[in-house]
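Q: Structure for the following, please:
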Amino acid sequence: MPHPLFLGLRLLTGLGGVVLIITALSAAIRSFVLPRNEVVRLNVWVFLSIRLFFDGAARLANSYERRDRIMAHYAPVALVALPVVWEALVSVGYTALYWAVGEGSWRHCYELSGSSLLTLGTTDMNHALTAALTYSEATLGLLLLTLLLSYLPTIYQAFSRREVTVALLELRAGTPATAANLLGWLNSDGSVQNDDQQWAEWERWFVEVEESHTSLPILTFFRSPQPGRSWVNGSGLILDTAALLFAVVDGPRPRQVEITFKAGCLALNRVYRFFDEKAGAAPTNSLPEGGTDDPGRTDFDAACGELAEHGLALCEDRAAAWLRYCELRSRYVPALDFLARLTMAPGLKPTV
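A: Numbering: from 1, shown residues only. Next up, the predicted model:
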């Protein structure tokens, strides 16, 4: 009869194997099935580990175009790595279980686990309990792969919808894309009060970004097909346009623009909080001094000049307008700057 200590070791090993299997299965379910945003620590460790290699390679690049090409591979590689890590944990967990039920040496248990997980059937088993475990392992292996494959179309559909809006923004906001150019385009018929349909589309876009980029966070790192585009920059452009409209343009605030601005601030800050646990403590109400030597103030004054050329009626008190603009931007700039750094977006600055 085996020694009690040896039986205890087998029991602990089996329990450890169960924990590994549950951890992998839970990570897969919470990543692709659970319909809400939840931080999966296992996935975070995988993403961070892979990001270290890509950050190192990007630092060696001597231009943004090369860094962009390198980082464009990060999200796909990290996404493919997830099921590999999950299945590796399942394999190790079942190896421990096979050893715990007396299937022989660790090497034999590992071979049996790999054979079962990959449904090869190349390794013999000793008794019925082991057979049941091999069938369950094969089922889990197929399930994990199926989860990823079934959600790939969902991920790329969300990516495609996001990028269509980003591309349309580039067409409307000129080159370089600025809030002043976008407001000028909205004022092409002599009024910025009748563009509710356009602002409603941007509102829906922000709502989709918030939902998809927190429930499927890997989407945040998928880069635009064109190196100069970024969903982060596009978000900043829309919000800067609304802030400039509220602060500078003389007239009532369109209600739809207010709703879109609120949706955009909520979306960016919720994605920000999802990725940064310290986001809740970040200051959001700090305002600049507003002096004429502020570089942002120079861009602001230049934008006001462009708006006047487009025929928009502007508020006379430029200093008060600048302070209103800064207060409005303070609601989303911390999130915008964080996400720009996180995604290595093209050089981001106030898009006035």
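
Q: Which residue is the nearest non-sequential neighbour of Glu170?
A: Nearest non-adjacent residue to Glu170, counting by CB to CB, 6 or more residues apart in numbering: Ala177, 5.7 Å away. All C-beta spots, glycine's among them, are computed from the backbone N, C-alpha and C.

Q: Now that neighbour, what are its backbone angles?
A: Phi and psi for Ala177, reported as degrees, to the nearest 10, are phi -70, psi 120.

Q: What residues does it make contact with?
A: Taking CB atoms under 8 Å, 6 or more residues apart in numbering, we find Ala177 in contact with Leu169, Glu170, Asn233, Leu237, Thr351.

Q: and if you look at Leu118?
A: Gly141.

Q: residue ranges with poor pLDDT in the stretch 251-352 of the chain?
A: Counting by pLDDT under 70, the stretch 251-352 of the chain has low-confidence residues at 277-295, 348-352.

Q: Let me see the ranges of the helices in it.
A: Using DSSP state H, counting those that start in this stretch, the helices of the stretch 251-352 of the chain run over 255-275, 295-309, 318-329, 333-343.

Q: swap in the chain?
A: 4-32, 41-60, 64-71, 74-100, 106-117, 128-173, 179-186, 196-215, 231-248, 255-275, 295-309, 318-329, 333-343 (DSSP state H).

Q: among the ones you listed, which is nearest Pro225?
A: For the helices of the chain, distance to Pro225 was read as CB to CB. The smallest value, 6.7 Å, belongs to helix 128-173.

Q: What mean pLDDT does the closest one get?
A: Per-residue pLDDT over helix 128-173 has a mean of 88.

Q: And that helix, what does it pack against?
A: helix 4-32, helix 74-100, helix 106-117, helix 179-186, helix 196-215, helix 231-248 (3 or more CB pairs under 8 Å, 6 or more residues apart in numbering; DSSP states H and E).

Q: hang on, the earlier thing: TSV for the contacts of Ala177, including distance to His73?
A: Shown next, in TSV, are the contacts of Ala177 (distance: CB to CB, whole Å):
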residue	distance to His73
Leu169	25
Glu170	23
Asn233	20
Leu237	26
Thr351	28
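
Q: now for those residues, which pair is the farthest apart?
A: Distances among those were taken as CB to CB; the most separated pair is Glu170 and Thr351, at 11.7 Å.

Q: Which one's more surrounded, these two?
A: Thr351 (23 against 19; other CB atoms under 10 Å).

Q: Residues contacting stretch 203-216, please?
A: Counting by CB under 8 Å, 6+ apart, 31-32, 34-37, 151, 154-155, 158, 161-162, 165, 219-220, 231, 235, 238, 256, 259-260, 263-264, 266-267, 270-271, 274 sit against stretch 203-216.

Q: Include distance to Ala138 when you put the helices of the stretch 251-352 of the chain into CSV, please.
A: Formatted as CSV, these follow (distance: least, CB to CB, whole Å):
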stretch, distance to Ala138
helix 255-275, 35
helix 295-309, 60
helix 318-329, 55
helix 333-343, 38
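
Q: For Phe274, which residues are in contact?
A: Asn37, Val39, His213, Thr214, Pro217.
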